[in-house]
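S.K.: predicted coordinates and the sequence they were generated for:
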Amino acid sequence: MSEKKDIRQGTLALMILKTLESMGSLHAYGIARRIEQISGDTLAVQYGTIYPLLLKLEQEGHVASDWTSSENNRRAKYYRLTRSGRKELEREASEWQETTAVVARFLALGKEQA
Amino acid sequence: MRHLRVFVRRLAGLFRTDRLDRELAEEIESNLELHIADNLRRGMSAAEARRQAMIRFGGLEATKEAYRDQRGLPVLDVLLQDIRYGLRGLKRSRGFAFTAVLTLALGIGATTAIFSAVYALLLRPLPYRDPGRLVWVAALQRSGFGGAIPEPDMVAWRERGRPFESVAGYAFNEYNLTGAGHSVRLQGALVSANFLSLLGVTPQIGRDLAPADDRPGSPPVVLLSDALWRERFSADPRVLGTTLFLDSTAHTVIGVLPPRFRFPEMAGVPQVLLALRAPGSSAFHGEAPFVMLQVIARIRPPDSLANVQAELESAQQARLSIYPTAFVLAARERKLEVIPLQRHLAGDSRKPLIVLLAAVGLVLLIACANIANLQLVRAAARRHEAAVRGALGGTRMRLARQSLTESMLVSALAAAGGLAIAAFAIDVIRGWRPPALPWLASVALDPYVFGFTMAIAVLAAVFFGAAPAIIGSRANLMDAMKTSSSSGVRHQGPLRSALVTGEIALALVLLISSGLLVRSFLELIRVDPGFHPQNVLTASVQLPVQQSPGGTNGDRPILAFASQVLPELRALPSVRYAALAQRLPIQQNHSSVTLVWFGPALPPRDTWLRLRTPLVGVTPDFFRAMGTSVVQGRAFTDDDDERSPGVAIVNRTFARQFFSGDALGKRFHSMASEHCASCEPGKPTDLLVVGIVADVHQRGVDIPVEPEIYVPFEQAPRADFHVVLASYGNPGALSAGLRSAIFRFDPHIPVYDLATLEERLSESLAQRWLTMFLLSAFATLAMLLAAIGVYGVVSYAVVQRVQEIGIRMAMGATRQDVLRLAMGQQARLILLGSALGLMMALGLSSIMSSLLYGVKARDFTTFAVSWIVLTMVALMAGAAPAVHATRVDPCVALRNE
């Protein structure tokens, strides 16, 4: 477990938003598990960070939450994407893509020179 | 927008901590269950599933902490935490909290109360349109009196269009209102047609004066005050267009002034406004009389007061040539002044108020210094705590903020207390209602005053909290942890001593200032006013003015009144003397003035100004009733009537000025008397001086006496005069008898302004008394606070040096040596502080000088006595702990530590 990478700062919010977009409504544990699965278990989500982050997204109005009963009748807090969350996801995703594209170009440049 | 929403939600998060905490716990719990269920599905044992899940969730407390930081506003959260901590700290040291809050509440309360008066009088915008541009234009004599301006001058400024945008004039007058209901005496004002529009005031019903109303000969119209409209006409709007008889002349009511209208004059509350109806020409017509007016004006926005003043003066210089000869001299002796209306309305209350505000500010400063001292002691005692907190990772900033929060807390509590004290004080002030200071009724605790209180509370907290915060957080961890709590805090000594030195200096300044005022007041009440105010009731009477005033026949009813009513008044129970007089000291008079000259020929016009002398017609018992002593010669008798020779009594100043004191039996010419053996109305007569009386301070004991002549009432009757009743007992009880005696003569005669002479005299001193009283109270408070400061510093120093004292005593020091040691430090503080204070007081003496009477601003006695008193009090404050030091048992002191 210890060789798993921590998530780069700022990207966890993006991952949460994307997860909620594809999964619909989900609880915090489910979100964390989902992110770990998608990463092929190479990322470790710190539960300590996911709650405050969800709260922050909620305060910003990107996600909303309700307490609902889950499978096998267990009550849990479910998060879902709001309209502004969808927009935020779009914005952040395109920003991320731009950034990675630029960084990739830089790295490629370095290799050519070397 | 989003930031705002986040902020609001986080703010809300601050106050729902419990619920949100529970929710998080529940959420984590449910997620943990989900995780365990997953683990079980993967085939772990129940115990292993739980263990793994717990590991993955990590430190629960850390998660909660992070969650909480996100939930609320960390800054505010910390603040709330600090406040809770501070409250706990204050609760733990109740003595400190109580002393600090009480001292500061007194300081803040007194400052707020004085500021509310300053605000009401000097700062609150006047209730007019754009009041900042309104000015009072006055022609002031060197003595500071006067102010009235000839109407032609006002017209000239208006026609010129410079330096003012607009100019208006007014003059006070009084009227007998007759007709429906009982007759009353009304305060009135004659105003130019643009008067209200210049102020930006419109009548609540009816119309404003129009230029057509202002021309001489136009039909008389009148505007009513809201109060008169309500009292006399039951607020009936149908009063418009009806006729009012003022001094027997029909006036049409054209409008009612708004309820909140305030006439732009300190003492004036006119009930009716009439059109001026003056000639409206800028030229003087030979020696023909002209109207003198009070003038207000509006200046244009870009013009400064100085510019306007300069322009006005140069324009006026050119007009001197067209002045009537008799007036040129008077005009030369006057100086035109353009004064902001607000300052004019503040009158002579402005200076005392500013001095009082400064004084109370100093008291507050001393209170703050005291609290700072207490805080420093506490900071020293808490060095250990601060060091431990520092060692546990509390940053310096955090520790300082904590300490400052505590100070703010003290300040906030004190501000609440201070507001309560101020509200009480304002209530007392308003309830007092001295007629001499009518504006006091408008003092209120309004939002600006409230804001001021908050501001000084914060400032005070910063002032007394800054030093302890900085020093308390500076604790060197190693040192603080190593040493015990009682030693190693010497480095605070200089700061604390400096604070106390400052306190002593400021307290001495206040003590000297109040001492000067007290001495002034003592001087004032020692002045012989020229009469005995005890047991004298006075009232004003206005007989109906006849159609053809003047002339022997016009004066008949006045003489009839005197001969019929006076015996009735004298017959009232407990009355010693009854008299009529045309002028009384210290009250509104329409005093007449006459020209006095010596020798047969009328003197040249340019000397007239110096020969104009106030003239008072009095009945024979007047001097006895007033207790004014006849220094030489005799008083008037019943034989001095219209058939006997013209006689006069002069005051001492007159005798000294015109006859070098030897006036008895001399004669002078004047137009004073109209009815005597040799008199003819409208012609000068010569009068024989039959007596010299003591000088009476007519305008107040602090104002010098002018030459004055008295003539028999019957030889110079006037329709308005005062009734004077001297009694054996309480003069107030005579009011009903006085009224009914006059109403028996004619029920339509207004009798008004009833008051005892004593009341009037004390009213005239009300402002000086109040200033003296308040400043003395502040000075006493300052001295006590400074004494507490000295006590604190000395007793703390003694506690700190217990060991040293113990060693000294063990080495053979006597009690006297120890006492000298302990008192030495204190004496240095006091000497240094009072030296500073004396210098400050000397520097400030010029500010005080205008408030003083009969005492110099650098009066040696006052300075010396104040210094001695303060030194004694401060020494006594420090003596107790110093004596305590001599009782130190060396064994105990040395074992300590």
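M.R.: Right, received. Where do you want to start?
S.K.: who in the stretch 51-200 of chain B is up against chain A?
M.R.: B:56-59, B:62-63, B:66-67, B:69-71 (C-beta under 8 Å from any C-beta of the partner chain). Where C-beta positions appear, they are placed from N, C-alpha and C, glycine not excepted.
S.K.: tally of neighbours for the closest residue to B:Pro620 other than its chain neighbours?
M.R.: Counting by C-beta to C-beta, 6 or more residues apart in numbering or on different chains, B:Pro620 lies nearest to B:Phe636, which is 4.5 Å off, once chain neighbours are set aside. B:Phe636: 27 surrounding residues under other C-beta atoms under 10 Å in any protein chain shown.
S.K.: backbone phi and psi for B:Val696, please?
M.R.: phi -110, psi 130 (degrees, to the nearest 10).
S.K.: tell me the contacts of it?
M.R.: B:529-531, B:585, B:626, B:628, B:651, B:705, B:708 (C-beta atoms under 8 Å, 6 or more residues apart in numbering or on different chains).
S.K.: now the residues of the stretch 51-200 of chain B next to chain A as TSV including secondary structure?
M.R.: Below are those laid out as TSV (DSSP: H, G, I helix; E, B strand; the rest coil):
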residue	secondary structure
B:Arg56	helix
B:Phe57	helix
B:Gly58	coil
B:Gly59	coil
B:Ala62	helix
B:Thr63	helix
B:Ala66	helix
B:Tyr67	helix
B:Asp69	helix
B:Gln70	helix
B:Arg71	helix
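S.K.: most widely separated two among the residues you listed?
M.R.: B:Arg56 and B:Arg71 (22.8 Å; C-beta to C-beta).
S.K.: between those two, who's got more neighbours?
M.R.: Ranked by neighbour count (other C-beta under 10 Å), B:Arg56 and B:Arg71 place B:Arg71 first, with 25 against 17.
S.K.: now do that one, the pLDDT please.
M.R.: Note on B:Arg71: pLDDT of 69.
S.K.: same deal with the one 3 residues further on?
M.R.: Looking at B:Pro74, its pLDDT is 66.
S.K.: which helix or strand contains B:Thr252?
M.R.: Using DSSP states H and E, B:Thr252 sits in strand B:249-256.
S.K.: the longest strand in chain B is where?
M.R.: With DSSP state E setting the assignment, residue counts place strand B:164-178 as the longest strand in chain B.
S.K.: following that strand, which helix or strand comes up?
M.R.: strand B:184-191.
S.K.: for the longest helix along chain A, packing partners?
M.R.: Ranked by residue count under DSSP state H, the longest helix found in chain A is helix A:83-113. The contact analysis (3 or more C-beta pairs under 8 Å, 6 or more residues apart in numbering or on different chains; DSSP states H and E) places helix A:83-113 against helix A:11-23, helix A:47-60.
S.K.: what's the burial count for B:Gln81?
M.R.: 12.
S.K.: ok, back up a step: strand partners (parallel or antiparallel) of the strand holding B:Thr252?
M.R.: Note on strand B:249-256: by DSSP bridges, its sheet partners are strand B:205-206 (antiparallel), strand B:221-224 (parallel), strand B:243-246 (antiparallel).
S.K.: before we move on, back to that, lowest average confidence across the helices and strands packed on helix A:83-113, which one?
M.R.: If the helices and strands packed on helix A:83-113 are sorted by mean pLDDT, helix A:47-60 sits at the bottom with a mean of 82.
S.K.: for chain A, which residues are neighbours of chain B?
M.R.: A:27-30, A:33, A:46-49, A:51-53, A:55-56, A:59-61, A:70, A:72, A:74-77.
S.K.: so how do I select the buried members of the residues you listed in ChimeraX?
M.R.: Selection of the buried residues among those in ChimeraX, burial being defined by 16 or more other C-beta atoms under 10 Å in any protein chain shown:
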select /A:27,28,29,30,33,46,47,48,49,51,52,53,55,56,59,60,61,70,76,77
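S.K.: check whether the residue of the stretch 601-750 of chain B found nearest chain A sits in a helix, strand or coil.
M.R.: Residue of the stretch 601-750 of chain B nearest chain A, by C-beta to the nearest C-beta: B:Asp702 (70.0 Å). Classification of B:Asp702 using three-state DSSP returns coil.
S.K.: ok, the residue lying closest to it once chain neighbours are set aside - contacts?
M.R.: With sequence-adjacent residues excluded and distances taken as C-beta to C-beta, 6+ apart, B:Asp702 is closest to B:Tyr853, at 5.1 Å. Contact analysis of B:Tyr853 by C-beta under 8 Å, 6+ apart lists B:520-521, B:523-524, B:702, B:768.
S.K.: which of these scores worst on pLDDT?
M.R.: Among the contacts of B:Tyr853, B:Asp702 has the lowest pLDDT, at 82.
S.K.: residues contacting that one?
M.R.: Contacts of B:Asp702 by C-beta under 8 Å, 6+ apart are B:524, B:527, B:768, B:853.
S.K.: then B:Ser183?
M.R.: Counted by C-beta under 8 Å, 6+ apart, B:Ser183 has contacts B:176-177, B:747-750.
S.K.: pLDDT weak spots in the stretch 451-600 of chain B?
M.R.: Scanning the stretch 451-600 of chain B for pLDDT under 70 picks out B:472-493, B:545-554, B:588-591.
S.K.: next: chain A.
M.R.: For chain A, the ranges with pLDDT under 70 are A:1-9, A:70-73, A:110-114.
S.K.: what's the nearest residue to the residue at minimal distance from the centre of it if we skip its chain neighbours?
M.R.: The C-alpha lying nearest the average C-alpha coordinate of chain A belongs to A:Met15 (C-alpha atoms, centre = their mean; 1.8 Å). In this structure, A:Met15 finds its nearest non-sequential neighbour in A:Ile35, 5.1 Å apart by C-beta to C-beta, 6+ apart.
S.K.: could you say which helix or strand holds the most centrally placed residue in chain B?
M.R.: In chain B, the residue lying closest to the centroid (C-alpha atoms, centre = their mean) is B:Leu353, at 4.5 Å. Element membership for B:Leu353, per DSSP H and E: helix B:350-381.
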